[in-house]
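*Asks:* 3D, please:
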Amino acid sequence: MSNKESDVLANFASADAAIKETGRKGKVNIMAMVALAIAMTTEELICKIHEASDADWPGGKAYKVIKLLEAEYQPTDRYSLVEIRRKRNQICMKDSQDPRILFEQIATIKNQARSSGLAIAEENLIAIVFDKVPLQYAHVLATQQNIQGTNLILSHLIEAMRNQYRFVKG
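*Replies:* A predicted model of the protein is given here:
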């Protein structure tokens with residue numbers, strides 16, 4: 001990326017491929033900063049745009065904004081694990097609900113864990129499904145467990161439950 005924001009256009013127009021590439025990266029940064037600035041809806045978030053600015057880049061550097069946002073909204077500390085466990089304990093599915101509701105909640109937890117640098121084992125995700133589904137799915141899950149044995153994965157349960165829901169609810 002260009003050393004200074006003011007050099008971006010000149011570098012982008014350069015005949016030298018390496019210099020032109022730094023100009024291109026600078027231009028991408030400027031576009032990213034515009035998108036980030038538009039997305040910031042509170043004064044606290046707008047402050048992050050200003051924190052990413054310096055004398056060479058008065059418009060800011062996008063990677064700095066992203067780091068600030070990640071530090072606040074996707075921390076990688078022990079509390080992240082506690083938050084994930086709390087969300088896991090709050091997962092629920094009612095008798096008449098589409099199983100997509102359950103799997104959306106599980107996907108949210110998986111994404112939060114990955115963002116925090118954590119991983120949730122497939123066996124734990126399967127255990128969540130067995131624990132949280134209504135009894136009307138017990139036979140479907142038991143059948144999948146018997147058919148797949150140790151090869152059972154979450155997608156087998158998703159497919160079986162969706163098929164059962166479609167069969168019953170139409």
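*Asks:* looking at the protein, which helix is longest?
*Replies:* Taking DSSP state H as the criterion, the chain has its longest helix at helix 17-39.
*Asks:* check which helices and strands that one sits against.
*Replies:* helix 8-12, helix 43-51, helix 62-73 (3 or more CB pairs under 8 Å, 6 or more residues apart in numbering; DSSP states H and E). Where C-beta positions appear, they are placed from N, C-alpha and C, glycine not excepted.
*Asks:* and the closest residue to Arg162 other than its chain neighbours, what's its pLDDT?
*Replies:* Excluding its sequence neighbours, the residue lying closest to Arg162 (CB to CB, 6 or more residues apart in numbering) is Pro99, at 5.8 Å. Here, the pLDDT recorded for Pro99 equals 94.
*Asks:* with Thr76 instead?
*Replies:* For Thr76, pLDDT reads 68.
*Asks:* measure the residue nearest to Arg162 to Ile158 for me?
*Replies:* Relative to Ile158, Pro99 is positioned 7 Å away (CB to CB, to the nearest Å).
*Asks:* could you do Val82 as well?
*Replies:* On the measure of CB to CB, Val82 and Ile158 end up 27 Å apart.
*Asks:* when the two are compared, which one has more neighbours?
*Replies:* Set Val82 next to Ile158 and count neighbours by other CB atoms under 10 Å: Ile158 wins out with 16 against 10.
*Asks:* the residue nearest to Arg162 - how many residues pack around it?
*Replies:* Other residues within reach of Pro99, judged by other CB under 10 Å, total 23.
*Asks:* repeat that for Lys20.
*Replies:* Quick note: Lys20 (other CB under 10 Å) scores 14 neighbours.
*Asks:* that one and Val8 touch, don't they?
*Replies:* No. The pair Lys20 and Val8 does not pass the contact test of CB atoms under 8 Å, sitting 10.9 Å apart.
*Asks:* helix or strand for the residue nearest the centre of the chain, which one?
*Replies:* With distances taken as CA atoms, centre = their mean, the residue of the chain nearest its centroid is Asn111 (4.7 Å). In this structure, Asn111 is located in helix 99-115 according to DSSP states H and E.
*Asks:* which strands and helices sit next to that helix?
*Replies:* Short answer (3+ CB pairs under 8 Å, 6+ apart): helix 99-115 packs on helix 78-90, helix 122-132, helix 154-169.
*Asks:* mind listing what's buried along it?
*Replies:* Residues of helix 99-115 classed as buried: 99, 102-103, 105-106, 109-110, 112-113 (neighbour count, 16 or more other CB atoms under 10 Å).
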